[in-house]
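Trainee: let's see this in three dimensions:
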Amino acid sequence: RHTERKIYLTVHGDDFTSVGAKEDIDWFEESMKELYELTTQPRMGPAPEDAKEGIVLNRVLRWTDAGLEYEADPRQAEKLIGECGLTVSNTAATPVVRASFEEVEKDEPLEQRLHTAFRASAARANYLAADRIDCQFAAKEICRWMSAPTQNSWNSLKRLCRYLVGLPRMVYSYELQSVDVVEVFT
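Mentor: Sure, this is the predicted structure:
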């Protein structure tokens, strides 16, 4: 952050996202251009000339009259569904179903030739779960089996994919608010 100019930044690798007043962001951008080669995205904001949609780390951000919207990278769910061969499958109402004791006892190791594919898809589910709260528990449980995938873990991954077929996109809405006082207790 830049305390004098009240600019706040996030940095991920070589991607910078900044928040501040227009003149301060102009200053920051010019300062960076003096030192680095930059590619900039349109600035988002409430003014008519401001962009109303932008992409940051493949996440979609939208500025609406009601507030801000945040959407996970929509391609990740599509890729996960495709990797598991479930693009035309039926949907599931929930992303996970607890296995019974009998199912756990009868569980068989997944064929060795499918281990790499399972691990890649489990990793993609884990990446997607960072932005999809509805998938976090399912992805965590699936990732627990990455070292030794089983038939049940493969079925759990397919269950998550069938859930995503029915709900491939999730948008978080952060409505504009105004408050007089904020009290914080720790």
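Trainee: and the nearest residue to Q151 once chain neighbours are set aside, what's its pLDDT?
Mentor: The spatial neighbour of Q151 that comes closest, neighbours along the chain excluded (Cβ to Cβ, 6 or more residues apart in numbering), is E108 at 4.8 Å. For glycine as for every other residue, the C-beta is placed from the backbone atoms N, C-alpha and C. E108 is assigned a pLDDT of 95 by the prediction.
Trainee: with V179 instead?
Mentor: Looking at V179, the pLDDT reads 89.
Trainee: and for it, the neighbour number?
Mentor: Neighbour count for V179, taken as other Cβ atoms under 10 Å: 6.
Trainee: for it, give me phi and psi.
Mentor: Backbone torsions of V179, given as degrees, to the nearest 10, read phi -130, psi 150.
Trainee: that older thread, and the gap between the residue nearest to Q151 and H115?
Mentor: Distance of E108 to H115, computed by Cβ to Cβ, to the nearest Å: 13 Å.
Trainee: between those two, which one's more packed in?
Mentor: The neighbour comparison of E108 against H115 (other Cβ under 10 Å) goes to H115, with 15 against 9.
Trainee: I'd say G20 and T3 touch.
Mentor: No: applying Cβ atoms under 8 Å as the test, G20 and T3 come out as separate, 11.4 Å apart.
Trainee: against Q136, how distant is N58?
Mentor: N58 sits at a distance of 19 Å from Q136 (criterion: Cβ to Cβ).
Trainee: contacting residues around the residue nearest in space to the middle of the chain?
Mentor: Nearest residue to the geometric centre of the chain (Cα atoms, centre = their mean): D131, 2.8 Å. With contact set as Cβ atoms under 8 Å, 6 or more residues apart in numbering, D131 has these partners: 59, 70, 72-73, 170.
Trainee: if you set the cut-off to 7 Å instead, what comes out?
Mentor: 59, 72 (Cβ atoms under 7 Å, 6 or more residues apart in numbering).
Trainee: G67 bridge partners, please.
Mentor: Per DSSP bridges, the residues bridged to G67 are E175.
Trainee: that's all I had, so thanks and see you.
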